[in-house]
Each structure stands twice: as structure tokens, then as C-alpha cells.
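**Student:** Need the 3D shape of this:
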Amino acid sequence: MSDYMFALESHLDAAQNRTVAEIQRIATEAGVTVWLTGGAMRDMLRGAPIRDLDFTVEREAIKIGKALAAALKGHITEEDSLKRSVEMVLPGGLRASVSNARTEKYTKAGGKPQIAPATIHEDLARRDFTINAIALFLNRGAKGLLVDPTNGQADLLNRELRATNAMAFFDDPSRVFRLVRFRHVMNFEIAPRTQLQLENAVLGDFLHPNPAALLPDLQALATHESAVAAIEDLDKLGLLTLLTPGLKAEKLNLAGLSRFEKHAHAIFPAGNEEGWLAFLSVLFEKLSPKDRAAALKALALPSADLKTLQQLDAAAKKLESALKSPKLHKPSQVWDVLRKVHTAEILMVAYRSEIRVVQDRLRAYFQKYLPAAQEVTEEQVAAATGLKPGAPKFAKAYETAVITRLNARPRKVEPEPEPPPPPMPMGRGRPARA
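**Tutor:** Okay, here's the model as predicted:
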């Protein structure tokens, strides 16, 4: 096993390792070469947690992607027939994508590219930044071989953001959103030449990305404490006006966002992207109804997210009322209130509520009750009840086991007895006189 494969497998959790093994099997049976690419390679090489798995294949990406989703009982969330790629969500919320190696040629800034099949080296060279242009060979024979045509490893080591080519921002102006996010989330510096390319793009007045392209970067920023600084950078580049004319950073609720982030990171130290709608609600809190509606329309939120956002204030007030109820006497009752609530509602309550008991119960839920509930496994319940997971009465039995675990009084830890003193050493010769 190569050092890179060892490093990869050490960084992956059990579900991610199963996904890599499964696509290796599917690609081998199809006679197709497969690489791990993109953010997974970037994060693995810099020692960061790997969130998503991006695979690149020589051909038949859609077929292989669908086979992967079927084998792991996931579902396809997006299929792009132009770029020959699929995105999926696998059990446990793991996200993965499978794409064909390709080149992209643009005739105008942000236009529709001309797609052509390519080698892995050509595919990596057309990507945005060198730190995202690294691939790991997964097939047998050369398994673990690293492909790094733009020397992205050196930029990771130097903590530097460098565009792969001089036309990076012309080809896809929305890459500036990612550049700003990477700069603040990873605390990297922008390489001088890339900074010059960015300034030329702004001065050349062709840096007009689709505002909807900002959405995934806002979602990713929602889990980091550097969001305010990143938004201020977007303002300096004049990119906030893409959401609504005349929009400036001072019109946004950046002070409230800083306070929101402190509450969010107290609850979710590792971040939680499910709460990003609360982040967006706080960010736009000071906008006029007209500007807020225009900004949300520009971001092109999915209808389900838009509905959740519109109902968020009312839902948060209802949750706060439930949490302050004097009828909540037991840990299981607090757990029952919060276990099925949308993460955005919880974060809004944490941000807005000034009621001490509400804040105490939120902390207790995440620090004590939820970890205790997660200690109860399906295997334990099946062994104790004889019921099988999925059986009609199993869910009720599982819930009863969790409630019993939560409401049990903690065992009193008895202090260990102090060890007896060591025996006195036996002296030689005659004893001393008194």
C-alpha cells in the first residue's frame, strides 16, 4: 500500500471507506479507470476532515455513479448530461459525485462551455485552483499513485491559493466566491499572480457571476467563524450588489451574525451545515422586506428551503415556548422536544432567547442528553427485547430504551481507596538506641 493510500484510509470513516471500496469494484468490473479528486484530496493532504468524495472516471460516469448509488442504497440528487456527472447522497448524509474527465472551453465569460473527453492531466489543469487539482489513482496496479500536474501539494504546504491558469476567472467568474471562502476558511493567502488576475477581472468589468452560484459558498461559510470577514471581502469586490442593487455590507446584520456564530459554535464545535438557513436569516435580518425578497430570489433557494426560511421565526418562537415550559422535569422530556426539530430552529432559539432555562436546556441536550441517547444501539435493543430492527414494535422499544437511559440516575463514583504506605526498609546491623 502506498503512503497516500494509507493516509487516505486513515482519514476516511467507515462509510467513506466502503464507498471507495465499492467504486473500485464497480470501476474494475466496467474496465474503467477511477481517481479520487477535488476537495477530498485537498483535505486529506492538509490533514483536515474529509466531507465529500469526488470521483473522476475516464468514461461512463453517469452509469457508474448510478451503480454506486444503487449499491450503497443512496439516491441521485443531480445529473448533468453536459458534463457527464452525477451527484448523490448516501446513507448517513455522505455526499459523493462521479464525473467524466473532461476539458472545458469558453467563448465568453461565464458562458456555456464546450465539453470534450480528456485525460486526467487535462481534467485537473482546467480546474479552479491548484489545491483542487490533485488526483489519486484507485485502480489496482498503480493504486495510490498521485497525479499533481499544477504542483498543488506545494501550494498546500505554503498555504497559498493559486489559479490553475490565466483564464480561471474569465471562464467561470463564480470562482471568486470560492476563492474568498477558501481564503478565510482555510486561512490561506492569495498568490500574487492570482490576486492580479482577480483585480484585472474586476477592472475589466466581466466579473459578473450568476448570484445563485454564491449559494453553496454561503452554505459552507455558515459553519465557520470567519463568515463575517469573507462577506466583507465580497463587499470590497462589489459582489454583494449581485443580490440586490446597492447592497453593501453595512446593510447586513454582521454584528448579529458574529453573535450568532458564537452560539452556533458553542452548540456545534465542528460545524453543522443543516443550520445554514438560520445563518441566512440573521444575515438578512436588517434588510427591508423588498431587498430581502430580492436577495432570496437572486440566490434561487430551493422551494423547500425557502418555505423553511419563511416559517423560521414562528417555529423558533414555538420552540422557545416549549423549552421554557415548567412541565419539563426529566431529561427525556427535553430530548423529546428537540430530537425532531430542524437545526435552523434550534440555532435561532440559541441566538435570540434571553431566557436562562432555555439556554441551559439547549446546552444540556447537546452536551449530555443527545450523546447519552446515541449510546443506545439497535443491537442492544434487539438483544434485550428479541425484536428485529424494522419490526412494528421495534421503534417503540428503542425509544423506551433511550428514555430509560436518559432518566436513569448517574451512578455515584466511589473514590478508589488509597494504597497502603510502602513497608519500612529493614535496616542492617544493630538497631539505633532510643
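**Student:** For the stretch 101-250 of the chain, just list every one of the strands.
**Tutor:** For the stretch 101-250 of the chain, applying DSSP state E, counting those that start in this stretch gives strands covering 102-105, 114-117, 135-137, 146-147, 160-161, 189-190.
**Student:** right, so the ones you listed: which one is the most enclosed?
**Tutor:** The highest mean neighbour count among those, using mean count of other CB atoms under 10 Å, belongs to strand 135-137: a mean of 23. (Each C-beta comes from the backbone N, C-alpha and C, glycine too.)
**Student:** Can you list the strands that that one pairs with?
**Tutor:** strand 34-37 (antiparallel), strand 146-147 (antiparallel) (DSSP bridges).
**Student:** which strand residues sit across from Leu136 in the sheet?
**Tutor:** Leu36, Leu146.
**Student:** show me what contacts it?
**Tutor:** Neighbour list for Leu136: Tyr4, Met5, Leu8, Trp35, Leu36, Thr37, Met41, Gly144, Leu145, Leu146, Val147 [criterion: CB atoms under 8 Å, 6 or more residues apart in numbering].
**Student:** neighbouring contacts of the helix or strand where the second one lies?
**Tutor:** Using DSSP states H and E, the element containing Met5 is helix 3-11. Outside helix 3-11, the residues within contact range by CB under 8 Å, 6+ apart are 17, 20, 36, 43-45, 47, 49-50, 136, 143-144, 146.
**Student:** Same question for stretch 339-349.
**Tutor:** Residues contacting stretch 339-349 (CB under 8 Å, 6+ apart): 260, 263-264, 267, 272, 274-279, 281-282, 308-309, 312-313, 315-316, 319-320, 323, 338, 358, 362, 370, 373.
**Student:** Please indicate which of the residues you listed are buried?
**Tutor:** Neighbour counting over the contacts of stretch 339-349 (16 or more other CB atoms under 10 Å) leaves 260, 263-264, 267, 272, 274-279, 281-282, 308-309, 312, 315-316, 319-320, 323, 338, 358, 362, 373 as the buried ones.
**Student:** Of the residues you listed, which belong to strands?
**Tutor:** Among these, no member falls in strands (criterion: DSSP state E).
**Student:** of the contacts of helix 3-11, closest to Ala350?
**Tutor:** Distance to Ala350, by CB to CB, is smallest for Pro49 among the contacts of helix 3-11, at 23.5 Å.
**Student:** give the contact list for the nearest residue to the closest one once chain neighbours are set aside.
**Tutor:** With sequence-adjacent residues excluded and distances taken as CB to CB, 6 or more residues apart in numbering, Pro49 is closest to Asp43, at 6.6 Å. Residues in contact with Asp43 (CB under 8 Å, 6+ apart) are His11, Pro49, Ile50, Arg51.
**Student:** ok, back up a step: so which of the contacts of stretch 339-349 belong to helices?
**Tutor:** Among those, the ones falling in helices (DSSP state H) are 260, 263-264, 267, 276-279, 281-282, 308-309, 312-313, 315-316, 319-320, 323, 338, 358, 362, 370, 373.
**Student:** Let me see the domain layout of the chain.
**Tutor:** 1-158, 378-406 (automatic domain parsing).
**Student:** Indicate which one of those domains is closest to Pro302.
**Tutor:** domain 1-158 (10.8 Å).
**Student:** Counting neighbours, which bits of stretch 66-81 end up buried?
**Tutor:** Within stretch 66-81, the residues scored as buried using 16+ other CB under 10 Å are Lys66, Ala67, Leu68, Ala69, Leu72, Gly74.
**Student:** residue boundaries of the helices in the stretch 101-250 of the chain?
**Tutor:** 120-125, 152-158, 168-171, 175-185, 192-203, 215-221, 227-236 (DSSP state H, counting those that start in this stretch).
**Student:** Could you list every helix and strand in contact with the last one?
**Tutor:** Counting contacts by 3 or more CB pairs under 8 Å, 6 or more residues apart in numbering; DSSP states H and E, the secondary-structure elements packed against helix 227-236 are helix 175-185, helix 215-221, helix 254-267.
**Student:** So what touches stretch 287-297?
**Tutor:** If you take CB under 8 Å, 6+ apart as the criterion, stretch 287-297 is touched by Leu243, Thr244, Leu247, Lys251, Leu252, Phe284, Leu306, Leu309.
**Student:** Out of the residues you listed, give me the one that has the most neighbours.
**Tutor:** Leu252 (23 neighbours; other CB atoms under 10 Å).
**Student:** isn't that one right up against Phe284?
**Tutor:** Yes: applying CB atoms under 8 Å as the test, Leu252 and Phe284 come out as touching, 7.1 Å apart.
**Student:** Looking at the strands paired with strand 135-137, spot the one closest to Ser174.
**Tutor:** Closest of these to Ser174 is strand 34-37, at 19.3 Å (criterion: CB to CB).
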